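> Sharing a sequence plus its predicted fold:
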Amino acid sequence: VSFEPTTSCNLPCPECPSGLRQFTRPTGMLQKDFFRDTIDDIYKELLYLIFYFQGEPYFNPDFLEMVKYASSNGIYTATSTNSHYFNDDKVIEGAKNIVKWKKELNSKTPFVFFQFLVVKPNEHQIEDIKRLAKEVGVDEVRFKTAQVYDYETDPNNLIPDTDKFSRYKKNADGTYTAKNKLANR
């Protein structure tokens, strides 16, 4: 099951409805009582809980308490964060702290990976990210293709040139089409 701790975020990422402040749903926080009540109803059948969608989970002041509650009910949790809230808004330092705590506690969890959203302005940094991940000591680095909302014309120039990291194919006229069109399901 997935829970979105919040629809709010501190970053204005140009490919994200949260960052662009373009949600069609209300901005807000997952309420702790609603979360607990839901977990109480389903915990016996639940093994895995995803704590994110498009907002920054650490914006929710009750986030860590909800993680602890899920864990105390035997539920494995996963989240995704921009790490700005781990140590004075420093992403790399925050990641290093997680790895340090994991080692100090001699723990296999949390499984820590860097997820790098590849867009045209940063696609030249892929090898740098691999080196950084090794230096920090994360478990894995993953490269993700970006969903570009106005992909036909790509006005923000986000679609990467490297085909492997693009969800879109450039047409002869300079416009783009989606490589894999989803059926209406």
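Alright, I've got the coordinates.

> In terms of secondary structure, what does the helix or strand of the chain with the lowest mean pLDDT contact?
Counting by mean pLDDT, DSSP states H and E, the chain has its least confident helix or strand at helix 91-104, which shows a mean of 87. Counting contacts by 3 or more Cβ pairs under 8 Å, 6 or more residues apart in numbering; DSSP states H and E, helix 91-104 is packed against helix 126-136. (Each C-beta comes from the backbone N, C-alpha and C, glycine too.)

> pretty sure Phe34 is in a helix, no?
Yes: assessed by DSSP: H, G, I helix; E, B strand; the rest coil, Phe34 belongs to a helix.

> And the next helix or strand past the least confident helix or strand of the chain?
Next helix or strand after helix 91-104 toward the C-terminus (DSSP states H and E): strand 113-118.

> Can you list the strands that that following strand pairs with?
strand 140-145 (parallel) (DSSP bridges).

> any idea of the mean pLDDT in the partner strand?
Averaging pLDDT along strand 140-145 yields 94.

> buried sites along that strand?
By neighbour count on 16 or more other Cβ atoms under 10 Å, the buried set for strand 140-145 is 141, 143, 145.

> Name the residues that touch stretch 133-143?
The set of residues external to stretch 133-143 that reach it, using Cβ atoms under 8 Å, 6 or more residues apart in numbering, is 92, 95-96, 99, 103, 111-116, 118, 126, 129-130, 165.

> can you pull the contacts of the closest residue to Gly28 other than its chain neighbours?
Ranked by Cβ to Cβ, 6 or more residues apart in numbering and with sequence neighbours excluded, the top spatial neighbour of Gly28 is Thr7, at 6.2 Å. By Cβ under 8 Å, 6+ apart, the contact set of Thr7 is 18, 23, 25-28, 53-55.

> Out of the contacts of stretch 133-143, the closest to Asn157 would be?
Val118 (13.7 Å; Cβ to Cβ).

> which of the contacts of stretch 133-143 count as buried?
95-96, 99, 114, 116, 118, 126, 129, 165.

> picking that back up, could you single out the nearest of the contacts of stretch 133-143 to Tyr43?
Phe111 (21.5 Å).
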